[in-house]
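[1] here you go, sequence then predicted model.
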Amino acid sequence: MQRTVSLNPFLVLPNRNKEALLKIAIIGAGIAGLSLANLLNRQRPDIDLVLFEKSRGVGGRMATRYTETHSFDHGAQFFTVRTRSFRDFLARHMETGLISAWNANITKITPNEKPGTHTWLEPHYVAQPRMTSLCKNLAIGLDVRLGCSVDTIHQTELGWRLTLNDGQCERFDWVISTAPAEQTTALLPMDFSDVTFDPAFTLMLALENAPDFDGAIVHSDEIEWIAVSSSKPGRDTKPSLVAHSSGQYAMRRFDDDRDDIGVELTNRLFELTGIKSQNRQLHRWKYAKVTTPWHSPIFFDPENTLAACGDWMIGGRIEDAFTSAEILARKLLAQLQ
């Protein structure tokens, strides 16, 4: 387990008398977990919140991979803002320019047909200079522990005992999971197996020249979306492209050799667009798209002091993750009063 992050962009709060505080463990530091922690912290700064994130960084699917010359938003490509609550939550980030509208030139690509045009009917937003920048900002001031996974939870007379991946144990009054449904089922005494996901592969290509579009909706068996990451606001890198596979293709090839998949998707991209590059990377997302969400926006068990929230409870959008977290925050704050 890595120690609590103490360097920028994270700022760890001073150590307080934690034994006198209500202690809440939040599993996962994606947009749901970080939104929940911020919402709780605004109303109840006296609560001791700890976020456990198994990855090396925060953000979950709001992810960016980058080199010295190229940057790839290889997870969520953008998000919309359809509710007042989400807009209010993001207001200061919009004012500072951390969140900006992506006025993309979108085309439609169908094999054996001329490319068409597509117009977005609502603003689509991105964080800058990278998609992960929003989550890094939301993590400021929180106790976020990276590279730290929760292996088991066990109920005791003093609350919940969490066993971490390094064998250490910590006690909490509440445990809240924002991890995907399958991982939440493995931890909490609740079955979320009705929730289903489609996987996806993300192909990342470093280009010499940018194509004549910013994004493309693709109707093919292998690829369904293409984006020029370098076309998004605030990006100051060489041309970079990401292509997301279809869910059907990813399910069919999920356990196959990654190099073979990378070659196959690169060749298919060339057939569809004429774009080629040998400088490629590939990422596999097991929980890329929610196909069957949970039947409730949150799971809340005050008797056993357990809860869960996440985009997969509503529909899979970034705003769904926030909405689920907001509903849970209100429910929990009311319970604590």
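    On my side now, so go ahead.
[2] is it true that Asn105 touches Ala216?
    No - Asn105 is beyond contact range of Ala216, at 9.6 Å (criterion: CB atoms under 8 Å). The C-beta positions use only the backbone N, C-alpha and C, and glycine is treated the same way.
[3] higher neighbour count, those two?
    Of the pair Asn105 and Ala216, Ala216 is the one with more neighbours under other CB atoms under 10 Å, namely 24 against 14.
[4] determine the longest strand present in this protein.
    Using DSSP state E, we find that the single longest strand of the chain is strand 280-292.
[5] packing partners for the single longest helix found in the chain?
    Longest helix in the chain by number of residues, with DSSP state H as the criterion: helix 318-336. Applying 3 or more CB pairs under 8 Å, 6 or more residues apart in numbering; DSSP states H and E, one finds that helix 318-336 contacts helix 31-43, helix 84-96, strand 174-177, strand 299-301, strand 306-308.
[6] and the first one, which residues are buried?
    Within helix 31-43, the residues that qualify as buried by neighbour count (16 or more other CB atoms under 10 Å) are Ile31, Ala32, Gly33, Leu34, Ser35, Leu36, Ala37, Asn38, Leu39, Leu40, Asn41.
[7] can you map out the helices along this protein?
    Using DSSP H, helices in the chain cover 31-43, 84-96, 133-138, 181-187, 247-253, 258-273, 318-336.
[8] can you pull the contacts of the residue lying closest to Pro233 once chain neighbours are set aside?
    Nearest residue to Pro233, sequence neighbours excluded (CB to CB, 6 or more residues apart in numbering): Ser100, at 4.1 Å. Neighbouring residues of Ser100 by CB atoms under 8 Å, 6 or more residues apart in numbering: Met94, Tyr125, Val126, Ala127, Gln128, Pro233, Gly234.
[9] do His283 as well
    Arg65, His74, Phe201, Thr202, Met204.
[10] any idea how far Gly60 is from it?
    13 Å (CB to CB, to the nearest Å).
[11] circling back to that earlier point, closest one to Gly167 among the helices and strands packed on helix 318-336?
    For the helices and strands packed on helix 318-336, the distance to Gly167 is smallest for strand 174-177, at 18.3 Å, taking CB to CB.
[12] tell me the mean pLDDT for the closest one?
    Averaging the model's pLDDT scores along strand 174-177 yields 98.
[13] show me what it is packed against.
    strand 23-27, strand 159-164, helix 181-187, strand 306-308, helix 318-336.
[14] reformat these as CSV; add mean neighbour count.
    Converted to CSV, those look like this (neighbours: other CB atoms under 10 Å):
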stretch, mean neighbour count
strand 23-27, 24
strand 159-164, 17
helix 181-187, 19
strand 306-308, 25
helix 318-336, 21
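[15] minimum distance to Leu272: which of the ones you listed has it?
    Here helix 318-336 is closest among the helices and strands packed on strand 174-177 (CB to CB), at 27.0 Å.
[16] picking up where we left off before, for PyMOL, write the select line for the buried members of the contacts of Ser100.
    Burial among those is assessed by 16+ other CB under 10 Å; the matching PyMOL selection reads:
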select buried, resi 125+126+127+128
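[17] farthest pair within the contacts of Ser100?
    That would be Met94 and Gly234, which, of the contacts of Ser100, are the farthest apart (CB to CB) at 13.1 Å.
[18] care to break this protein down by domain?
    What automatic domain parsing lists as the domains of the chain is 18-58+139-195+296-336, 65-131+196-291.
[19] would you map the strands across the stretch 101-250 of the chain?
    106-109, 116-118, 125-127, 143-146, 150-156, 159-164, 169-172, 174-177, 196-206, 215-218, 223-228, 240-245 (DSSP state E, counting those that start in this stretch).
[20] how far away from the center of its chain is the fourth one?
    It refers to strand 143-146. The chain centre lies 16 Å from the centre of strand 143-146; the measure is CA atoms, centre = their mean, to the nearest Å.
[21] and what of the second one?
    In terms of CA atoms, centre = their mean, the centre of strand 116-118 is found 28 Å from the chain centre.
[22] convert the C-alpha atoms of stretch 91-104 to CSV, please.
    Taking C-alpha atoms only, stretch 91-104 is exported to CSV below (Å, rounded to 0.1, in the frame of the first residue of the first chain):
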residue,chain,number,x,y,z
ALA,A,91,-19.7,26.1,-11.5
ARG,A,92,-16.4,27.2,-10.1
HIS,A,93,-14.5,24.8,-12.3
MET,A,94,-16.3,26.3,-15.3
GLU,A,95,-15.5,29.8,-14.1
THR,A,96,-11.8,29.0,-13.8
GLY,A,97,-11.6,27.2,-17.1
LEU,A,98,-10.9,23.8,-15.7
ILE,A,99,-14.1,22.7,-17.5
SER,A,100,-14.6,23.8,-21.0
ALA,A,101,-17.1,23.1,-23.8
TRP,A,102,-15.6,21.0,-26.7
ASN,A,103,-17.1,22.4,-29.9
ALA,A,104,-16.0,19.4,-31.9
